[in-house]
Each structure stands twice: as C-alpha cells, then as structure tokens.
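> what's the 3D shape of this:
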Amino acid sequence: MTKPTARMRELMAADELIVSPGVFDGYSVRLVEKMGYKTACTTGAGLSNSRLGVPDVGIMGLSDNVEACRMIARSVSIPVMADADTGYGTPANMLHTVRLFEDAGVAGINIEDQVSPKRCGHMDGKDVVDPREMARKIEAACDARKDDDFIILARTDAIAVEGLEGAIRRAQLYAKAGADMIFADAIGGEDQIKALVDAIDVPVSVNMGFGIRTRPTTPLIPLKVLEEIGVKRVTFPRMLPAAAIQAMESALAILKQSTGSGEIVHRPDLLASIDDIWQLMGQPEFKRHEARYNDLEGVDI
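I've put the predicted structure just below:
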C-alpha cells in the first residue's frame, strides 16, 4: 500500500485542486473519506476546542496534538495533514516535533510564524517572529524528516502585521528554506492570492472560512476560480466543527422541547441512525473478523 506521504505528493503533482476539509475526531475524518475526498487536514482550533474545551490561543500542547493526530490518521486510508501550530519551541525543537508527527502517521505538517503563544488566524492581536527564525525552523523540519515525502507547509500570519508585501517576502524566504507548500493566512482575496502564487515557486494553499457570520478575513471564492488562479490546495478547517456544533445544538433544543411538553418529540431527520454510525465506524468489518476468529471448529489440536 502506498504511504500517506507518497499519496499526498501524488495529489500535489496532479493538475486538479486539492480540497481538504478540516477534521477533529474519528467521526469527522471517516465522513470525509466516506464522501470521497482524497485528503483531510486536522484543524488546530477544532482539536483545541473539542479535546480541551478551550479557545485556540496556544493552550493545547505538543503531546495532546500528536496523540489526537495519531488517532485520526490511523482511522482512514486517505492522507491527513496536521496543524503543528508554531512547531512547539525553537528551531532546534523542530527536530523533535517533526519526528513525533511523522511517527504519528500524518502526511505532513504546517508550522506558522506567529510568536508563542499563538492565536487562531482569525483573531486580532497576532504577532510574528523574525523571518530568519522561521526559516531556520523550516530547515530543521526538513532535516528532521525520515521520509523525504513528508510535507512541510509553511504558514505566515504576516499579512495582519506587515501587509501583503511583507508576507510575500516571508513566503519567498520560507520556500528558499525548503518549505514544500506555502499558506498565507488571512489573505485578502483573488488579487492577493494571485500575487502570492506568482511570487513563489512552490504550491500555495488557501484557507476558506465557512461559518463566519461577519465578513471573513479571506472572502469565500469559488473553487474553480482558485484553481484558475493557480492555487494547489484549499482547506476548510472551520466547516465540520461548526456544522457539528450547530447540529448538536438543534438536537439538544428538541430534547429540551420534549422535556418541557412531557411528550417525546422524535426527529429522526436530525440524527444519524445507529446503523449509519456502525457502518461509518467499520462495525460490519469487525463482525466479519469476529465470526472468523471466534470459530473454534476450524482449529486443529
């Protein structure tokens, strides 16, 4: 079987745009695979929110992140990219960080140039490190990987601090340092994305923020347009966590209605059936294994 890293490299080398939904648990990543997507990415905010119940402000540590990514990556056959925040320390620390994520089975990681503790890309108050420090982190990350196909994606949050020109200068430096892909968070629209794509020689990833009721930092752009501009990958980190929260809130509201009325309000249209859940989680396959290995008659003694 082809390694996840090699499959992700194949997607990057193909002509079509890579569409990568953000996942945060076994349910979400298995749904992404079931619906036919070729890859997924973990959402740092989604993991921090769902696992620890805290905002995405640098509270989730390396061990929590790696363990979550390990369980997510092992649940599916499609390659999963991981969000490694700022890399958890100095450039030298990247040697340890990359090896842990690589051993966890993900296809690659993105690291960002925010100061630590970092913030979610859509929050105010972000600041960035010296670009030379980030370049050294990228170099260390590339040196640390045992598999040359393991992808190092460099994210810059400099647009909010230094503007587009500053972000492009950083992107060029990060590409020179060895980054396999570049992501400029909070980029302003088609013209800015095109300027970034034209300025660097490595693939560009863009984040689309579905679920933001106010004006998103990056406007929602049709996938066909992104592909025409030259974008290689588009991620949707907020979509599945936001959809799950909305669905759970709706179900809990129905339960409260049942409690208040004294009658059961049954809304199967709001819920997956138990059979659907079992199918999604591989219960039929387990039952086949159970039937085979519990059969003692075929064992010669």
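> so, low pLDDT: which residues of this structure?
Scanning the chain for pLDDT under 70 picks out 119-125, 210-217.
> send the alpha carbons of stretch 236-249 over as PDB?
Extracted in PDB, the C-alpha atoms of stretch 236-249 (Å, rounded to 0.1, in the frame of the first residue of the first chain):
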ATOM      1  CA  PHE A 236     -12.000  24.200   5.100                       C
ATOM      2  CA  PRO A 237     -10.900  23.900   8.800                       C
ATOM      3  CA  ARG A 238     -14.000  25.600  10.300                       C
ATOM      4  CA  MET A 239     -16.800  23.900   8.300                       C
ATOM      5  CA  LEU A 240     -17.100  20.500  10.000                       C
ATOM      6  CA  PRO A 241     -16.700  21.600  13.700                       C
ATOM      7  CA  ALA A 242     -19.200  24.400  13.000                       C
ATOM      8  CA  ALA A 243     -21.700  22.000  11.400                       C
ATOM      9  CA  ALA A 244     -21.300  19.600  14.300                       C
ATOM     10  CA  ILE A 245     -21.900  22.300  16.900                       C
ATOM     11  CA  GLN A 246     -25.000  23.500  15.100                       C
ATOM     12  CA  ALA A 247     -26.400  20.000  14.700                       C
ATOM     13  CA  MET A 248     -25.800  19.200  18.400                       C
ATOM     14  CA  GLU A 249     -27.500  22.400  19.500                       C
END
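> which positions within that stretch qualify as buried?
For stretch 236-249, a neighbour-count test (16 or more other C-beta atoms under 10 Å) marks 236-242, 244 as buried. C-beta here means a position set from N, CA and C on the backbone, and glycine is covered the same way.
> list the contacts of stretch 268-277.
247, 250-251, 254, 280 (C-beta atoms under 8 Å, 6 or more residues apart in numbering).
> can you list the domains in this protein?
Following the assignment in automatic domain parsing, the chain carries domains at 4-237, 245-293.
> mind putting those domains in JSON lines, distance to residue 301 included?
Shown next, in JSON lines, are the domains of the chain (distance: least, C-beta to C-beta, whole Å):
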{"stretch": "domain 4-237", "distance to residue 301": "35"}
{"stretch": "domain 245-293", "distance to residue 301": "16"}
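> most tightly packed of these?
Compared across those, domain 4-237 shows the largest average neighbour count, a mean of 19 (mean count of other C-beta atoms under 10 Å).
> can you check the distance spanned by that domain, start to finish?
20 Å (C-alpha to C-alpha, to the nearest Å).
> show me where the chain has strands.
18-23, 40-42, 80-83, 108-112, 151-156, 181-184, 204-207, 233-236 (DSSP state E).
> dump these to a markdown table, plus distance to residue 133.
As requested, the strands of the chain are exported to a markdown table (distance: least, C-beta to C-beta, whole Å):
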| stretch | distance to residue 133 |
| --- | --- |
| strand 18-23 | 27 |
| strand 40-42 | 24 |
| strand 80-83 | 19 |
| strand 108-112 | 11 |
| strand 151-156 | 12 |
| strand 181-184 | 17 |
| strand 204-207 | 22 |
| strand 233-236 | 25 |
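> any idea which of these gets closest to residue 218?
With C-beta to C-beta as the measure, strand 204-207 is the member of the strands of the chain nearest residue 218 (6.2 Å).
> partners of that closest one, with directions?
Sheet pairing here is set by DSSP bridges, and for strand 204-207 it gives strand 181-184 (parallel), strand 233-236 (parallel).
> how near is the closest residue to residue 98 other than its chain neighbours to residue 85?
Spatially, and ignoring its direct neighbours in sequence, residue 98 is nearest to residue 144 (3.9 Å; C-beta to C-beta, 6 or more residues apart in numbering). Separation of residue 144 from residue 85 (C-beta to C-beta, to the nearest Å) stands at 16 Å.
> just to check, residue 204 is in contact with residue 195?
No - the pair residue 204 / residue 195 is not scored as a contact, 10.5 Å apart, by C-beta atoms under 8 Å.
> on that earlier part again, wait, which of the strands paired with strand 204-207 is closest to residue 298?
That would be, of the strands paired with strand 204-207 and by C-beta to C-beta, strand 233-236, which comes in at 48.1 Å.
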